[in-house]
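Peer 1: just need the structure, nothing else, for what follows:
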Amino acid sequence: MFLLSTLGSAGDVHPYVAIALALQRRGHHVVVMTNPYFQDRIAAAGLGFWPVGTRDEYLQMVTHPDLVTPRASIRHVLTNLVLGTFRQQADALREASVALRPQLIVNHHICFGISAAAEVLRIPIVHGVLAPLFWLSHHERIIPPMLPYAPAWMHRAMRRIKRLTGPWTLDRPVNRHRADVGAPPIRRTFLHARGGEDFSPVARTAPANQPPTILGLWSPHFRGSLPDDPTTSHICGFCTWDRPPTSSTQLDQQREITRWMDDAEPPALITLGSSVSHHGKDTYQLAARACAKLNTRALMLTGATSIPASDLPQGIRAVPYAAYSAVMPRAGVIIHHAGIGTLAAAMRAGRPQVILPFANDEFDNTHRARTLNVALEVRPSQRTLKHLCATLDTAINNKPMHTAAQTLGQCMQSESGAERAADAVEKALVEQGR
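Peer 2: The predicted model follows:
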């Protein structure tokens with residue numbers, strides 16, 4: 001029996017649903033442990049569910065303005081999600097271990113409480129990491145959210161400072177929580193996404209420091225293997241899963257939307273995912289005005305943001321939700337925030353992109369998409385109608401970008417990240433002798 005644990009937005013949860021379904025198709029009993037906000041969609045997918053926290057706690061976390069504030073976002077996530085739910089995670093795993101007796105846990109790397117409780121309970125664990133930023137490789141440039149547009153030398157200096165200050169800023173608070181649940185202290189918490197594995201040759205070869213299996217849940221075409229990756233890591237590919245329509249009304253609405261998209265020139269698609277959409281009304285309206293000014297139709301997936309049709313220019317539509325796999329391949333260009341789940345779907349669709357990052361790993365994700373020549377970026381300081389129109393016009397008419405996006409999309413469509421992740425999970429179970 002496998003237990004998959006994850007916390008965060010839909011971009012954090014849906015990849016684990018994809019892996020859970022891949023394992024279930026192989027005959028395994030699988031349960032997903034996450035916030036009850038996602039319970040209905042997980043149950044509708046035919047998977048078992050185990051709660052951590054409450055729906056209100058999730059909404060408080062994603063609606064707080066610090067979530068989309070570059071210099072405050074990391075502290076907000078660390079305080080309210082990673083550490084704020086630490087005891088809830090540990091208690092949930094203790095209860096689930098009695099009721100379910102999991103043989104192995106597949107754990108989102110930010111679920112520190114699950115990791116600590118798994119150590120105490122001696123349940124084998126596999127870590128999943130959704131974005132390459134968190135492997136902190138010295139062989140590539142990493143874009144930190146605090147100062148994303150600082151020069152490269154400053155980013156390198158920030159990495160060295162973080163390494164020196166980590167024992168005080170991260171290790172101490174994490175170890176206080178670990179002690180509270182009976183787990184021993186750890187060092188180098190900032191390397192948790194690497195299974196605690198350091199970069200030095202001594203640490204990488206010491207048997208006592210052998211880390212657990214680490215799954216890189218992104219495409220090797222997005223970021224391939226590097227010499228200092230964790231020694232037990234596997235880059236699997238993006239693990240994609242769309243929440244399907246759950247009623248005939250939703251199905252009819254999605255069919256009507258796709259017919260509208262196919263009726264004329266491909267429209268722009270504007271989305272801010274499941275969490276940034278709570279803060280995106282001004283961005284949606286700016287993007288709608290830019291599309292209207294360029295005489296480009298657009299479909300907006302507004303999530304939690306309500307925008308009346310009367311407030312929209314002609315040719316612009318807004319709906320709360322449509323499956324990315326149904327609408328993204330029909331778009332002429334995709335405007336989004338570079339949350340890793342949304343970015344993965346946009347690249348897989350093979351469409352050029354205009355990215356407006358807000359916080360967290362979005363700046364690093366954007367940098368990688370730009371390097372692949374499949375996206376243009378509009379920085380926070382550049383978000384005027386004039387600049388967005390110019391950038392959007394360039395993306396629509398940039399033939400090399402269209403070609404690069406289509407080629408990358410074809411490569412990613414041939415991958416099956418969830419199946420490769422399931423292979424690695426089954427192998428880890430065998431290696432544990434369970």
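Peer 1: going forward, measure contacts and count neighbours with C-alpha atoms only.
Peer 2: Will do.
Peer 1: ranges for the strands of the stretch 251-400 of the chain?
Peer 2: 268-271, 298-301, 316-319, 333-336, 353-355, 375-377 (DSSP state E, counting those that start in this stretch).
Peer 1: to residue 308, which of the ones you listed lies closest?
Peer 2: strand 316-319 (8.1 Å; Cα to Cα).
Peer 1: what packs against that closest one?
Peer 2: strand 298-301 (3 or more Cα pairs under 8 Å, 6 or more residues apart in numbering; DSSP states H and E).
Peer 1: ranking the strands of the stretch 251-400 of the chain by burial, who's on top?
Peer 2: strand 353-355 (a mean of 30; mean count of other Cα atoms under 10 Å).
Peer 1: contacts for that strand?
Peer 2: Here strand 353-355 makes contact (Cα atoms under 8 Å, 6 or more residues apart in numbering) with 333-338, 346, 366, 374-378, 391-392, 395.
Peer 1: run through the helices of the stretch 201-350 of the chain in chain order.
Peer 2: 201-205, 248-262, 281-293, 324-327, 340-349 (DSSP state H, counting those that start in this stretch).
Peer 1: actually the stretch 51-200 of the chain, sorry about that
Peer 2: With DSSP H, counting those that start in this stretch as the criterion, the stretch 51-200 of the chain has helices spanning 55-63, 70-77, 86-100, 112-121, 152-166, 172-180.
Peer 1: list the contacts of the fourth one.
Peer 2: Helix 112-121 is touched from outside by 5, 82-83, 85-91, 93-94, 107, 124-125, 178, 181-183, with contacts defined as Cα under 8 Å, 6+ apart.
Peer 1: list buried residues within the residues you listed.
Peer 2: The neighbour count (16 or more other Cα atoms under 10 Å) marks 5, 82-83, 85-91, 93-94, 107, 124-125, 178, 181, 183 as buried among those.
Peer 1: related to what we said a few turns ago, give me whichever of the helices of the stretch 201-350 of the chain is most buried.
Peer 2: The most buried one of the helices of the stretch 201-350 of the chain (mean count of other Cα under 10 Å) is helix 340-349, showing a mean of 24.
Peer 1: need the nearest residue in space to residue 44, chain neighbours excluded.
Peer 2: residue 246 (7.9 Å; Cα to Cα, 6 or more residues apart in numbering).
Peer 1: scratch that, residue 339
Peer 2: residue 362 (5.5 Å).
Peer 1: where's the one you found relative to residue 248, distance?
Peer 2: In this view, residue 362 and residue 248 are 35 Å apart by Cα to Cα, to the nearest Å.
Peer 1: try residue 350
Peer 2: In terms of Cα to Cα, residue 350 sits 29 Å off from residue 248.
Peer 1: equivalent analysis for residue 316, please.
Peer 2: 24 Å.
Peer 1: just to revisit the earlier point, number of nearby residues for the residue nearest to residue 44?
Peer 2: 11 (other Cα atoms under 10 Å).
Peer 1: pop the domain breakdown of the protein in here.
Peer 2: The record's domain parsing of the chain by automatic domain parsing lists 2-238+416-431, 248-413.
Peer 1: quick one: average pLDDT of the first one?
Peer 2: Right, domain 2-238+416-431. Domain 2-238+416-431 shows a mean pLDDT of 91.
Peer 1: report the distance from it to the chain centre.
Peer 2: 11 Å (Cα atoms, centre = their mean, to the nearest Å).
Peer 1: which other residues reach stretch 154-163?
Peer 2: So stretch 154-163 is contacted by 142-144, 190 (Cα under 8 Å, 6+ apart).
Peer 1: looking at these, point me to the pair that's furthest apart.
Peer 2: Across those (Cα to Cα), the longest gap, 15.5 Å, separates 143 and 190.
Peer 1: of those two, who's got more company?
Peer 2: Between residue 143 and residue 190, residue 143 has the larger neighbour count (other Cα under 10 Å), namely 25 against 20.
Peer 1: pretty sure that one sits against residue 362.
Peer 2: No. Counting by Cα atoms under 8 Å, residue 143 stays clear of residue 362, with 9.1 Å between them.
Peer 1: quickly list what's touching both of the two.
Peer 2: By Cα under 8 Å, 6+ apart, no residue touches both residue 143 and residue 362.
Peer 1: tell me who's in contact with the nearest residue to residue 146 once chain neighbours are set aside.
Peer 2: Residue nearest to residue 146 in three dimensions, not counting chain neighbours: residue 71, with 4.5 Å by Cα to Cα, 6+ apart. Neighbouring residues of residue 71 by Cα under 8 Å, 6+ apart: 145-147, 359.
Peer 1: got it, and residue 300?
Peer 2: 269-271, 284, 316-319.
Peer 1: what of residue 50?
Peer 2: 31-34, 92, 96 are the contacts of residue 50 under Cα under 8 Å, 6+ apart.
Peer 1: how about the secondary structure of it?
Peer 2: When classified by DSSP: H, G, I helix; E, B strand; the rest coil, residue 50 comes out as strand.
Peer 1: tell me the bridge partners for it.
Peer 2: residue 33 (DSSP bridges).
Peer 1: could you measure from the spatially closest residue to residue 240 that is not a sequence neighbour over to residue 7?
Peer 2: Spatial nearest neighbour of residue 240, chain neighbours left out: residue 15 (5.6 Å); criterion: Cα to Cα, 6+ apart. The gap separating residue 15 from residue 7 is 11 Å, by Cα to Cα.
Peer 1: what's the answer for residue 214, then?
Peer 2: Applying Cα to Cα to residue 214 and residue 7 gives a distance of 17 Å.
Peer 1: and the two? which has more neighbours close in?
Peer 2: residue 214 (27 against 24).
Peer 1: contact partners for that one?
Peer 2: Taking Cα under 8 Å, 6+ apart, one finds 126-129, 193-195, 230, 232-234 in contact with residue 214.
Peer 1: and the residues you listed, which of them are buried?
Peer 2: Counted by 16+ other Cα under 10 Å, these give 126-129, 193-195, 230, 233-234 as buried.
Peer 1: from those residues, which land in strands?
Peer 2: Secondary structure from DSSP state E places 126-129, 233-234 of those in strands.
Peer 1: tell me the one of those nearest residue 219?
Peer 2: residue 234 (10.7 Å).
Peer 1: looking at the contacts of stretch 154-163, which is nearest residue 218?
Peer 2: residue 142 (16.0 Å).
Peer 1: quick check: that closest one touching residue 134?
Peer 2: No. In this structure residue 142 lies outside contact range of residue 134 using Cα under 8 Å: 9.0 Å.
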